[in-house]
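Q: Fold the following and give me the result.
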Amino acid sequence: MANKRDLKKDINYVLGDIIEAVYVWEYTNSDKKTTDSEAIIDEAIVTFDELIERVNDKNVENKKAHFKAINSDLESKGTALIEKINSL
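A: Next up is the predicted model:
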């Protein structure tokens, strides 16, 4: 990872793409209820807020390990959200 700015961009792009995928699903499946898909969007927004808050935390001893942990959390939470989209 190059820097904090790149990590913020990665968080924004990954979770933005997930939200966009949910909107595409809602558009193509307009006959189905959207309560589950709206829950996925809400979860993505909460995840975004949590990860950005962790990135902006200034009281960190080992920044490299801290950012690596955030990056791995982004990957795991993003994968979980994608699996939820696939199960809709």
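
Q: okay, CA-based contacts and neighbour counts for the rest of this
A: OK.

Q: so who does the residue sitting nearest the centre point of the chain touch?
A: The chain has residue 15 as the residue nearest its centroid, 3.5 Å off, counting by Cα atoms, centre = their mean. Contacts for residue 15 (Cα atoms under 8 Å, 6 or more residues apart in numbering) come out as 44-45, 48, 78.

Q: same thing but at 7 Å, please
A: Counting by Cα atoms under 7 Å, 6 or more residues apart in numbering, residue 15 touches 44, 48, 78.

Q: okay if I get those as TSV plus pLDDT?
A: Conversion of the contacts of residue 15 to TSV gives the following (pLDDT from 0 to 100):
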residue	pLDDT
44	97
48	97
78	96
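
Q: Contacts only, for residue 22.
A: With Cα under 7 Å, 6+ apart, residue 22 has these contacts: 37, 85.

Q: give me that answer again for 10 Å
A: 16, 28, 34, 36-38, 40-41, 81-82, 84-86, 88 (Cα atoms under 10 Å, 6 or more residues apart in numbering).

Q: now swap in residue 43 and tell me
A: Counted by Cα under 10 Å, 6+ apart, residue 43 has contacts 15, 19, 37, 49, 77, 81.

Q: Give me the residues contacting the helix or strand where the fifth one lies.
A: Taking DSSP states H and E as the criterion, the element that holds residue 77 is helix 63-86. Counting contacts by Cα under 10 Å, 6+ apart, the residues outside helix 63-86 that touch it are 1, 3-4, 7-8, 10-11, 14-15, 17-19, 21-22, 25, 36-37, 40-41, 43-44, 47-48, 50-52, 54-55, 57, 60, 87.

Q: Can I get the buried part of those as one ChimeraX selection?
A: Per 16 or more other Cα atoms under 10 Å, the buried members of the contacts of helix 63-86 correspond to this ChimeraX selection:
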select :7,8,11,14,15,18,19,21,22,25,37,40,41,43,44,47,48,51,55
